[in-house]
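Asks: sequence unknown, structure follows:
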């Protein structure tokens, strides 16, 4: 039950980083990769930048075998793809037999294709 004098969400004091994956068999790096893939899918450039700075692997793949750059190309998020390439994402890495360029071309993302070629 929520009372009017309580904040709607619990506040966290102490360390700024909370390990929500402890005792779940998931490493911190796996969690960062999962979050990076979700941010890439939604096109959140700022969040992607923060996650990469925190150690998320730009060439790691998620549980579905997809790399962050592939996901950004699939969804047409050119700004996210530009950021990932700037951080060293492999533009030739295949995910399930297709490269990020294949994904961009298949879904008609011309700007993305130009970014990956050039």
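Replies: Perfect, thanks for sending it. Predicted model, so just to flag it, every value in this text is computed and none were measured.
Asks: can you pull out the helices in this structure?
Replies: For the chain, the helices defined by DSSP state H cover 28-42, 45-53, 68-75, 78-86, 100-106, 110-117.
Asks: Give the buried residues for the longest one.
Replies: To tie it back to what came earlier, the one meant is helix 28-42. 30, 31, 32, 33, 34, 35, 36, 37, 38, 39, 40, 41 (16 or more other Cβ atoms under 10 Å). Any C-beta I mention is one placed from the backbone N, CA and C, and that applies to glycine too.
Asks: what distance separates the start and the end of stretch 72-80?
Replies: Start and end residues of stretch 72-80 are separated by 6 Å (Cα to Cα, to the nearest Å).
Asks: How much space separates the nearest residue to residue 51 once chain neighbours are set aside from residue 64?
Replies: Once flanking residues are discounted, residue 51 sits nearest to residue 36: 4.5 Å by Cβ to Cβ, 6 or more residues apart in numbering. According to Cβ to Cβ, to the nearest Å, residue 36 stands 13 Å off from residue 64.
Asks: Low-confidence ranges, this protein, go.
Replies: Counting by pLDDT under 70, the chain contains low-confidence ranges at 1-26.
Asks: Now do the same contact list for the spatially most central residue of the chain.
Replies: Geometric centre of the chain, nearest residue: residue 36, 2.1 Å, by Cα atoms, centre = their mean. Taking Cβ atoms under 8 Å, 6 or more residues apart in numbering, we find residue 36 in contact with 48, 51, 52, 56, 57, 58, 60, 68.
Asks: Of these, keep whichever come out buried.
Replies: Among the contacts of residue 36, those buried by neighbour count (16+ other Cβ under 10 Å) are 48, 51, 52, 56, 57, 58, 68.
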